[in-house]
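Q: Below is the structure, and that's it, no one-letter string:
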């Protein structure tokens, strides 16, 4: 009985404000008859068990209030602790074929979009940060255009890279074969791949036969098609028999036969082959089929022309030295507004600095290719392709070397030829200034640890794909068909005068900018002028003060009210009065002595 009274006494002392709400049936919090027994009889839950334990443990007269803990919802997901994000420089390579450039462009396939998807799947980017490069401070070292590749691109971002030794493999398993991540390097939090990149090296490769003035040219009298076919057949037979370049003797003989046939005034290629194709194809009224056969015939003639050029033309030391001399004229700081699009000559962005530009011969698929390597601080849209296009036009004799100097004149607007994007790729990026300043913190950002992997990617992916694509689609051959004086009017460039005075425009813009800065500085000084002088003048005028003080300019009034102006005079007056007082006392004492 006592136990029951004690139990009842404890139950009555439960605070009515405490809410006991088990998952099944809620108990009214304002009911004073709430007991542990009613809590136990309710559906089993954490709250009911806690209430019963509290009531049993409490003794008679205890004022302890029960502590109720809410139970976690059963469907609430458990938060997974993510690894820390680190600012890193990620090195990668890619083949730009089929992509609309490096930078992400919604609605089009890009390298960055492919890369971001792989990083999210690999756990390097969290789901909440996916789709926003600003949250992870994403930036690339160079923005390659559509179809342009890269052997070593650098991207800076805050990624979850741990463990770092398996980071590249985890990302590459979600990437296509034409995109490869080499690894990451730790950097400072303020590292930006674009801003800290000092210089960039690009490489452009093209077949050696492109520099043959007669290859795929529309401005010459073509030799007999039969002779060209004989040359092409000899070259192809030589390759298939030796699994390498054709025999020089067979090719030379075939080329000599073609030259003799051309010199003897035989029938030109144009009409003979087309007429034969029309006769062999039979009469047809389907215009689509006819145009298709005509296109195939043109492509066949281009392939034969390429084979003949490969047999008779050699890109030797003389041609290499001439090409180096032409490319060397680009070195230095110049106005390249004619080698890009939508950039005015007066725009400071048109001024670019090229450090080096040279060429060398390289064998790809047992064929000679010319590799042009350019190093510069930065490049504009289509700039390198237009530099190469102009150099090829000069080498082929379509344009003179004077045209290159005219194209570098900022006072002229000229249309320069643009080479295909197929052979262009980013080869290396440099971060010398960053390494000199912050290299000791986390180590330098350098290409050296991944150089072997990048060279392997070039040898196995980039070079073969460029060569195969050009052979299959005849990219360079079709471009050479448009590289003519009728398209670009090279012979008229010297006759066309200047269209502006860029130096005067730049000077006027500079003067206007300086005047604008002077006005802004004057406005800042006027805004910072002390308001005390104006307040003092207004207060003197309101109090009816001296008209002279009120009429004084603000600057003069401020000078008069400057503290310490009369400090020296006041001190002198005080000292003087003290001295005079001592003298009067002395005289008075002397007079008293005389009287006594």
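A: Great, that's in hand. This structure is a prediction, so every number in the text was calculated from the model and none was measured.
Q: Shouldn't residue 152 be within a strand?
A: Yes: according to DSSP: H, G, I helix; E, B strand; the rest coil, residue 152 belongs to a strand.
Q: With adjacent residues omitted, what lies nearest to it?
A: Closest residue to residue 152 apart from its sequence neighbours, by Cβ to Cβ, 6 or more residues apart in numbering: residue 454 at 4.9 Å. C-betas here are computed from N, CA, C, even on glycine.
Q: Tell me the secondary structure at the one you found.
A: Classification of residue 454 by three-state DSSP places it in helix.
Q: show me what contacts residue 469?
A: Counting by Cβ atoms under 8 Å, 6 or more residues apart in numbering, residue 469 touches 97, 422, 475.
Q: please redo it, this time with the cut-off set to 10 Å
A: Listed by Cβ atoms under 10 Å, 6 or more residues apart in numbering, the contact set of residue 469 reads 97, 147, 420, 422, 423, 475.
Q: what pLDDT does the third one get?
A: Model confidence at residue 420, expressed as pLDDT, equals 96.
Q: Now it. Nearest residue, chain neighbours left out?
A: residue 475 (4.9 Å).
Q: Name all residues that make contact with that neighbour.
A: Residues in contact with residue 475 (Cβ under 10 Å, 6+ apart) are 206, 419, 420, 421, 422, 423, 466, 469.
Q: Relative to residue 169, which of those is nearest.
A: Closest approach between the contacts of residue 475 and residue 169, by Cβ to Cβ: residue 466, at 27.2 Å.
Q: Please work out the average pLDDT along stretch 501-509.
A: 89.
Q: Residue 158: neighbouring residues, count only.
A: Number of residues near residue 158 (other Cβ atoms under 10 Å) recorded here: 18.
Q: tell me which element it is part of?
A: Element membership for residue 158, per DSSP states H and E: strand 149-159.
Q: Parallel or antiparallel, list what pairs with that strand.
A: Next to strand 149-159 in the sheet, as set by DSSP bridges, lie strand 86-94 (antiparallel), strand 139-140 (antiparallel), strand 424-430 (parallel).
Q: Adding mean neighbour count, mean pLDDT and distance to residue 322 as columns, could you present those strands in CSV?
A: As requested, the strands paired with strand 149-159 are exported to CSV (neighbours: other Cβ atoms under 10 Å; pLDDT from 0 to 100; distance: least, Cβ to Cβ, whole Å):
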stretch, mean neighbour count, mean pLDDT, distance to residue 322
strand 86-94, 24, 97, 32
strand 139-140, 21, 96, 36
strand 424-430, 24, 97, 22
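Q: Can you tell me which of the ones you listed is nearest to residue 329?
A: strand 424-430 (19.8 Å).
Q: which strands and helices sit next to the helix or strand just after that closest one?
A: Per DSSP H and E, the first helix or strand lying C-terminal to strand 424-430 is helix 432-442. Counting contacts by 3 or more Cβ pairs under 10 Å, 6 or more residues apart in numbering; DSSP states H and E, helix 432-442 packs against strand 86-94, strand 179-186.
Q: For helix 432-442, which outside residues touch it?
A: Contacts for helix 432-442 (Cβ under 10 Å, 6+ apart): 86-89, 185-188, 190-193, 195-199, 431, 443-446.
Q: make it 8 Å
A: So helix 432-442 is contacted by 185, 186, 187, 188, 191, 196, 198, 199, 444, 445, 446 (Cβ under 8 Å, 6+ apart).
Q: So residue 389 versus residue 479, what's the distance?
A: From residue 389 over to residue 479 the distance is 8 Å, taken as Cβ to Cβ, to the nearest Å.
Q: intersection of neighbour lists for those two?
A: residue 419.
Q: Residue 521 is nearest to which of the helices and strands packed on helix 432-442?
A: strand 86-94 (37.7 Å).
Q: Tell me what angle that closest one forms with strand 179-186.
A: Interaxial angle of strand 86-94 relative to strand 179-186 (axes from the mean of the first three to the mean of the last three Cα atoms, to 10 degrees): 150 degrees.
Q: tell me what the helix or strand that comes right after strand 86-94 is packed against?
A: Scanning forward in sequence from strand 86-94 by DSSP H and E, the next helix or strand is helix 111-121. Contact here means 3 or more Cβ pairs under 8 Å, 6 or more residues apart in numbering; DSSP states H and E; on that basis helix 111-121 packs against strand 149-159, helix 167-172, strand 179-186.
Q: any idea which of these is most buried?
A: Across the helices and strands packed on helix 111-121, the average number of neighbours (mean count of other Cβ atoms under 10 Å) peaks for strand 149-159, which reaches a mean of 25.
Q: Give me the mean pLDDT for that one.
A: 96.
Q: Where does pLDDT dip in the stretch 1-150 of the chain?
A: For the stretch 1-150 of the chain, the stretches with pLDDT under 70 are 1-79.
Q: related to what we said a few turns ago, now that we have the contacts of residue 475, which one has the most neighbours?
A: residue 423 (28 neighbours).
Q: how far away is residue 341 from residue 361?
A: 31 Å.
Q: Tell me which of these two has more neighbours.
A: Using other Cβ under 10 Å, the more surrounded residue of residue 341 and residue 361 is residue 361, with 14 against 11.
Q: Farthest-apart pair in the contacts of residue 475, please.
A: 419 and 469, at 14.4 Å, using Cβ to Cβ across those.
Q: my guess is residue 322 meets residue 395, correct?
A: Yes: using Cβ atoms under 8 Å, residue 322 makes contact with residue 395 at a distance of 6.9 Å.
Q: Looking at those two, which one has more neighbours?
A: Taking other Cβ under 10 Å, residue 322 and residue 395 do not tie; residue 395 has more neighbours (20 against 16).
Q: Quick one: residues contacting the nearest residue to that one once chain neighbours are set aside.
A: Take residue 395 and drop its neighbours on the chain: the residue closest to it by Cβ to Cβ, 6+ apart is residue 211, 4.9 Å away. Residue 211 sits next to 313, 315, 319, 323, 370, 392, 395, 396 when contact means Cβ under 8 Å, 6+ apart.
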